[in-house]
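**Student:** Dropping the sequence and predicted coords here.
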Amino acid sequence: MRPASLVARLLSATLAAFLAAATAAALLLLVLHHVRDADYLLGAEVEEKLDELELSLDVAPNGRLLYRPVSSSDMYDALRKDTAFRVADVSGRTVLSSLDGPALQALERATPGTGSLELRDDGERVQLRIGERDVMLGGVAYHLQVAHSSRFEARLGKYARELYLGSAVTSVMGALLVFALVIFFTVRRALTPLQRASAIAAGIGPRTLAARLHIGDVPSEVAPLIDALNSALERLEHGFQVQQAFLAHAAHELKTPLALLQAEIELGGQNREAMLRETRLMGRQVKQLLHLAEVSEGHNYRFARRSLWALASDGVDYLARLAERRGVTLRICHDGPEAWVDLDDGAAFVLLKNLLENAVNHSPPNGTVTLHVSRRGLVVTDEGPGVESTHRDHLFARFWRGPGASDGAGLGLAIVQEICMAHRWTVHFEPGPHGGARFVVAMRVTTSVEQA
């Protein structure tokens, strides 16, 4: 299971990567060691000793051959049982050699072309590898011979492995410790701005929605998250302010009819018509408040395929009596084939009812309200006085009522806009062709042919 801390995750990932790299390096060394077996390494060592011997030979002015070791420490003197060299002239006479010892004696007994010899040292069998080379020095030919034992290479390799293994383990442990410390303090420093942002976020509540998280010097990868949280806080603050304003407006709108009702009751309740009018007004306002609360919640919607023709027919039938009382004619116009759309039946009916009711209430007697239904959506047009340009920006605001309005709570068009937003439709106002008002609900619908 992964650790919950980001520091621990980064630290464990880095350590795992470092250990993986170290393991890969060790495996590579082992592979190289096995590929290049001991016999290969011994042969390479013999060739290297022949090169060193050739470089160490020189000719004096009197023609005498000199030996000047290129190395500051001559192993031929210290390891007479395991190493030796011999320089002979064309007659086979030894001109130069290492100090006398078992290795040199074995080398002198060897016949030309012998690649290896075996000698015994206190009962131990030692294998000598012999290398030979002919060189020209001062115009004279010489024959070089070098002997090197496998025992020496094995012991030197064992010592080297122990030394290098210990050094490697110590280096790896030290590097891991340094890596861990550097990552720990670096990540802790990088996370300090996030901890400050977390502290600010923990203190945000209904009374402190104006607070924002500061980006400051947070890592660039986290900055988009902070921006998104700030944007979410702005939306929450705006929504909270809208709700507060909604409650204040609702209380104000209900306060007036309640005060009038109370006054009438205290006076004996003689004005029955006034009391009924205020009761109807309060009932309408409460009903619209409930509608607005319902359409503002996305989980209240249940979408299904519905014909706009059927929806238009239901809306016109529902408002037929109101239109008849006001002397207004309701007319439906179908443009194109039958249109279908995914919608919430109840919410869409409330939307159409509010638009038609608003048009009927503002139409003059003998006027006509036309409902156009097409693939582009719905258009409701009336022949009323229209809307002044100075008032058009407030049409969909909650609790806004035009000058001279005596009925309603100013929530009808706000409810329409909320329903359109939930369906991802748009609604806007246009001046009517004959001075009235036109409300256009734009939506993406399909025809009956497309649905089939």
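**Tutor:** Yes, it's here. Numbering: from 1, shown residues only.
**Student:** State the distance from the closest residue to Gly384 other than its chain neighbours to Arg188.
**Tutor:** What sits nearest to Gly384 in space, not counting adjacent residues and going by Cβ to Cβ, 6 or more residues apart in numbering, is His362, at 3.7 Å. Placement of C-beta: from N, CA and C, glycine included. For His362, the distance to Arg188 (Cβ to Cβ, to the nearest Å) stands at 67 Å.
**Student:** Between those two, point out the one with more neighbours.
**Tutor:** Between His362 and Arg188, counted using other Cβ atoms under 10 Å, His362 has the larger neighbour count: 21 against 12.
**Student:** List the residues that contact that one.
**Tutor:** 382, 384-385, 436-437 (Cβ atoms under 8 Å, 6 or more residues apart in numbering).
**Student:** which stretches of the stretch 301-450 of the chain form helices?
**Tutor:** All helices of the stretch 301-450 of the chain, identified by DSSP state H, counting those that start in this stretch, fall at 308-318, 320-326, 345-362, 412-423, 448-451.
**Student:** Just the buried ones among the contacts of His362, please.
**Tutor:** 382, 384, 436-437 (16 or more other Cβ atoms under 10 Å).
**Student:** coming back round to it: I'd like to know which of the contacts of His362 is nearest to His428.
**Tutor:** Comparing the contacts of His362 against His428 with Cβ to Cβ places Ala437 closest, at 11.3 Å.
**Student:** hmm, back to that, Serialize the helices of the stretch 301-450 of the chain to CSV and add fields for distance to Gly203 and mean pLDDT.
**Tutor:** What follows is the helices of the stretch 301-450 of the chain, written out as CSV (distance: least, Cβ to Cβ, whole Å; pLDDT from 0 to 100):
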stretch, distance to Gly203, mean pLDDT
helix 308-318, 49, 92
helix 320-326, 53, 91
helix 345-362, 38, 89
helix 412-423, 32, 86
helix 448-451, 53, 52
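**Student:** I'd like to know which of these is closest to Thr114.
**Tutor:** helix 448-451 (98.0 Å).
**Student:** any low-confidence regions in the stretch 251-400 of the chain?
**Tutor:** 251-257, 260-261, 264, 266-272, 274-275, 277-278, 280-285, 287-299 (pLDDT under 70).
**Student:** Quick one: the strands in it, in order.
**Tutor:** Here the stretch 251-400 of the chain has its strands, by DSSP state E, counting those that start in this stretch, at 303-307, 329-334, 339-344, 368-374, 377-381.
**Student:** out of those strands, deepest packed?
**Tutor:** strand 377-381 (a mean of 23; mean count of other Cβ atoms under 10 Å).
**Student:** Would you mind pulling up the elements that that one packs against?
**Tutor:** Packing partners of strand 377-381 (3 or more Cβ pairs under 8 Å, 6 or more residues apart in numbering; DSSP states H and E): helix 308-318, helix 345-362, strand 368-374, strand 437-442.
**Student:** angle of the first one against strand 303-307?
**Tutor:** What it means is helix 308-318. 80 degrees (axes from the mean of the first three to the mean of the last three Cα atoms, to 10 degrees).
**Student:** the inter-axis angle of helix 308-318 versus strand 339-344?
**Tutor:** 70 degrees.
**Student:** for the protein, longest strand please?
**Tutor:** strand 124-137 (DSSP state E).
**Student:** Buried residues of that one, list them for me.
**Tutor:** 126, 128-132.
**Student:** just stretch 384-391 next, same as before
**Tutor:** 384, 386-387.
**Student:** Going by distance to Ala232, which of those wins?
**Tutor:** Using Cβ to Cβ, those come closest to Ala232 at Val387, 35.3 Å.
**Student:** if we can go back for a sec, can you pick out the most distant pair from the contacts of His362?
**Tutor:** So, the contacts of His362 by Cβ to Cβ: farthest apart are Asp382 and Pro385, at 9.5 Å.
**Student:** What separation do you get for the residue nearest in space to the middle of the chain and Ala359?
**Tutor:** Residue closest to the average C-alpha location in the chain (Cα atoms, centre = their mean): Glu221, at 8.1 Å. Here Glu221 is placed at a distance of 54 Å from Ala359 (Cβ to Cβ).
**Student:** before we move on, back to that, quick one: list the elements packing against the longest strand of the chain.
**Tutor:** helix 38-56, strand 57-59, helix 102-109, strand 116-121, strand 140-149, helix 150-202.
**Student:** Take these and lay them out in TSV including mean pLDDT and distance to Arg444.
**Tutor:** Converted to TSV, the helices and strands packed on strand 124-137 look like this (pLDDT from 0 to 100; distance: least, Cβ to Cβ, whole Å):
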stretch	mean pLDDT	distance to Arg444
helix 38-56	72	78
strand 57-59	81	97
helix 102-109	83	98
strand 116-121	76	92
strand 140-149	87	90
helix 150-202	72	39
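**Student:** what's the closest of these to Gly315?
**Tutor:** helix 150-202 (47.0 Å).
**Student:** Specify the beta-bridge partners of the closest residue to Asp345 other than its chain neighbours.
**Tutor:** Once flanking residues are discounted, Asp345 sits nearest to Arg306: 5.9 Å by Cβ to Cβ, 6+ apart. Taking DSSP bridges as the rule, Arg306 bridges to Val341.
**Student:** which residues touch Arg306?
**Tutor:** So Arg306 contacts 340-343, 345, 348 (Cβ under 8 Å, 6+ apart).
**Student:** Could you report the neighbour count for Trp425?
**Tutor:** Residues near Trp425, counting by other Cβ under 10 Å: 21.
**Student:** what's the answer for Val95, then?
**Tutor:** 15.
**Student:** Does it belong to a helix, a strand or coil?
**Tutor:** Following DSSP: H, G, I helix; E, B strand; the rest coil, Val95 is assigned to strand.
**Student:** related to what we said a few turns ago, now pLDDT and distance to Val416 too, for the buried residues of strand 124-137, in JSON lines please.
**Tutor:** Output for the buried residues of strand 124-137, formatted as JSON lines (pLDDT from 0 to 100; distance: Cβ to Cβ, whole Å):
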{"residue": "Val126", "pLDDT": "77", "distance to Val416": "105"}
{"residue": "Leu128", "pLDDT": "83", "distance to Val416": "106"}
{"residue": "Arg129", "pLDDT": "84", "distance to Val416": "101"}
{"residue": "Ile130", "pLDDT": "87", "distance to Val416": "106"}
{"residue": "Gly131", "pLDDT": "88", "distance to Val416": "102"}
{"residue": "Glu132", "pLDDT": "89", "distance to Val416": "107"}
